[in-house]
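# Below are the sequence and a predicted model for it; my questions follow.
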Amino acid sequence: MFIHKQPTGELPPLKAKNVDGKRFYEHIETKEKYPSITSVLSIRQKEGLLEWRKKVGEEVANHVMIQSANRGTAVHNMVEDHLNNLDINENEKYKKQFLPRMMFQVLKPVLEKHINNISLQEAQMYSSDYTVAGRVDCIAEFDGELSIIDFKTSKGEKQEDWIENYFIQGSAYAEMYEEHFGTPINQIVILVVTEEGTTQVFKKNKQDYLPKLKEAIENFYKWIEDNAKKSN
């Protein structure tokens, strides 16, 4: 059984909105809008993605992206249910999802060995200091240390230099959490489960990625400003 320990305090009410194809979160009370961290990072180092789309063609690329998104959503839902101490085998919606179920079974022993004392799951947060928002997968103790934990799915194993954005994303969530609850989080954990039947565990210190987070946010707002000028 996983233990849940809610942090003291409340998260602000946010509403997700799409603005010019990018996701923003609006504070329901103050009406302040913050871009999602995934949108911020989507314009960072995207040359490789553009080259891949050009190589395989738009139709194939879109098909792969949709399949990947559906697979990721299914695995995320199973992980969330499992961490909430629910039996996924009793949920009818999972019974025909063979590949996500297989991937979840690969990931399950890692969850049970390393994760406990869960603070938040699928929580929307923002940082007024960094002017960015997002939805974190999980905040819990990983090997006894309070951590930002993100669950990723992949066709094959990832090289560390391919997934720097994951570490930056996790660092943003750590800053959001400290801003709201006053508790610092330094450890970022990325769990990548693959169709090949492996789970990769990446542990990072957020301090190594905060400069890149600030740079990515600055570049995003500059990109917004440049696009606005082009449209006028």
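Looks like it arrived, so ask away.
# where does the chain have its least confident helix or strand?
helix 47-56 (a mean of 57; mean pLDDT, DSSP states H and E).
# any idea where the strands of this protein begin and end?
Taking DSSP state E, the strands of the chain run over residues 14-19, 22-27, 33-35, 115-127, 132-142, 145-154, 187-194, 199-205.
# low pLDDT regions in the chain?
Residue ranges of the chain with pLDDT under 70: 45-56, 58-66, 231-232.
# can we see that at 80?
For the chain, applying pLDDT under 80 flags the ranges 20-21, 45-69, 226-232.
# Tell me which residues of stretch 191-210 come out buried.
Neighbour-count burial for stretch 191-210, with 16 or more other CB atoms under 10 Å as criterion, is recorded at 191-194, 199-200, 202, 204, 206, 209-210. C-betas here are computed from N, CA, C, even on glycine.
# Highest mean neighbour count out of the strands of the chain?
strand 132-142 (a mean of 24; mean count of other CB atoms under 10 Å).
# tell me the angle of that one relative to strand 145-154?
110 degrees (axes from the mean of the first three to the mean of the last three CA atoms, to 10 degrees).
# Can you name every helix or strand that strand 132-142 contacts?
Identification of packing neighbours for strand 132-142 by 3 or more CB pairs under 8 Å, 6 or more residues apart in numbering; DSSP states H and E yields strand 22-27, strand 33-35, helix 37-42, helix 58-83, strand 115-127, strand 145-154, helix 164-181.
# Make TSV from these and add distance to residue 99 to it.
Shown next, in TSV, are the helices and strands packed on strand 132-142 (distance: least, CB to CB, whole Å):
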stretch	distance to residue 99
strand 22-27	26
strand 33-35	32
helix 37-42	23
helix 58-83	6
strand 115-127	22
strand 145-154	9
helix 164-181	22
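# about what we covered before: pick the one among the buried residues of stretch 191-210 closest to residue 73.
Nearest to residue 73 out of the buried residues of stretch 191-210 is residue 193 (CB to CB; 13.6 Å).
# Please look at the closest one and residue 72 and confirm they touch.
No - counting by CB atoms under 8 Å, residue 193 does not reach residue 72; the two are 9.8 Å apart.
# Report the set of residues contacting both of those two.
Common contacts of residue 193 and residue 72 (CB atoms under 8 Å, 6 or more residues apart in numbering): 152-153.
# Would you mark the buried spots in stretch 99-106?
Judged by neighbour count using 16+ other CB under 10 Å, the buried positions of stretch 99-106 are 100-101, 103-104, 106.
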